[in-house]
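Visitor: my questions are about this predicted structure, shown below with the sequence.
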Amino acid sequence: MRSLSYDGSMKFDALNDSQIRANYQHKHVVDHYLKHFKSKLVLDAGCWTGTMEKEVSSRRWSSKMVGIDLNKDALKIAKKNFPKYNFHQVELANPSPQFVKKYSNKFDTIIFLDVIEHVPPGTEVRILQLFNRLLKPGGHLIVSTMLSHRYNFIDPAWFLGHRHYSSDHVKNFLESSNFKVQELLEIGNLYWDLDILMLYIYKHIFRMNYKTGNWMYKKILEGLEPPQKYATRIYTLSQKPRK
């Protein structure tokens, strides 16, 4: 029986999380939404140890990044590895007034990648409304999350309440937060979930680093383009209305 006790919290594990490397999803996001990164001011909401900062930094653009996360240990790694970017400890569901005032209407782009399923249940719309406030008029929000499908059980955390959403659910969140959805993609395949399962096994059972094998990586890349028979991820591009 599935439990609903999971509160979304993520524990920092130096064994794995100190390894900064851009994975296939982050590279794909930058490639697909290129114009929303290049020479833009970007907020990485839920930056963790700086995977997206590494990907953007490797492009040698004039882009500026601000990373926020609740986990101070993960932020310590991000700050150490990417000192040219700004990082802040922020609780998305309850940000400080100083942070909101400083960054209101500032960002060209906000990315929220595989984080919405980790925020406290019921706070999704409140957090998206915060992003609306932080974006410039006409700015864009990129959100990715887990798509609910018949093989949810491949994700071990799903049994503890790790949230997977329908596309309609995510679209409703965005529209309720005064965003206009411009693109909604259902991509990814079961190999993405199997790869994460292997990461969990290595991380929590073997206490070892996990590296995606060449064959698995090739199969994962096949899931980047729609349509997918068994899609596992939702990607959305939304815009804040212009005044």
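Guide: Yes, it's here. None of the values given here were measured: they were computed from a predicted structure.
Visitor: can I get the CA coordinates of the lengthiest strand in the chain in CSV?
Guide: Counting by DSSP state E, the longest strand found in the chain is strand 135-146. Taking C-alpha atoms only, strand 135-146 is exported to CSV below (Å, rounded to 0.1, in the frame of the first residue of the first chain):
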residue,chain,number,x,y,z
LEU,A,135,9.9,37.7,-13.2
LYS,A,136,10.0,40.7,-15.4
PRO,A,137,6.7,41.3,-17.3
GLY,A,138,7.0,39.0,-20.3
GLY,A,139,9.5,36.8,-18.5
HIS,A,140,9.5,33.0,-18.7
LEU,A,141,9.2,30.1,-16.3
ILE,A,142,10.5,26.7,-17.2
VAL,A,143,9.1,23.8,-15.0
SER,A,144,9.8,20.1,-15.2
THR,A,145,8.4,17.4,-13.0
MET,A,146,7.5,13.7,-12.8
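Visitor: show me what counts as buried in it.
Guide: By 16 or more other C-beta atoms under 10 Å, the buried positions in strand 135-146 come out as 135, 136, 139, 140, 141, 142, 143, 144, 145, 146. Where you see a C-beta, it was placed from the backbone N, CA and C, and this is true even at glycine.
Visitor: can you tell me how far the last one sits from residue 190?
Guide: This means residue 146. Here residue 146 is placed at a distance of 13 Å from residue 190 (C-beta to C-beta, to the nearest Å).
Visitor: ramachandran angles for the residue positioned nearest the centre of the chain?
Guide: Nearest to the geometric centre of the chain sits residue 113, at 1.2 Å (C-alpha atoms, centre = their mean). Dihedral angles of residue 113 (phi, psi; degrees, to the nearest 10) stand at phi -100, psi 120.
Visitor: show me the beta-bridge partners of it.
Guide: Counting by DSSP bridges, residue 113 is bridged to residue 144.
Visitor: my guess is it meets residue 52, correct?
Guide: Yes: between residue 113 and residue 52 there is a contact under C-beta atoms under 8 Å: 7.0 Å.
Visitor: excluding chain neighbours, what is closest to residue 96?
Guide: Residue nearest to residue 96 in three dimensions, not counting chain neighbours: residue 90, with 7.3 Å by C-beta to C-beta, 6 or more residues apart in numbering.
Visitor: since that was my last question, I'll sign off now.
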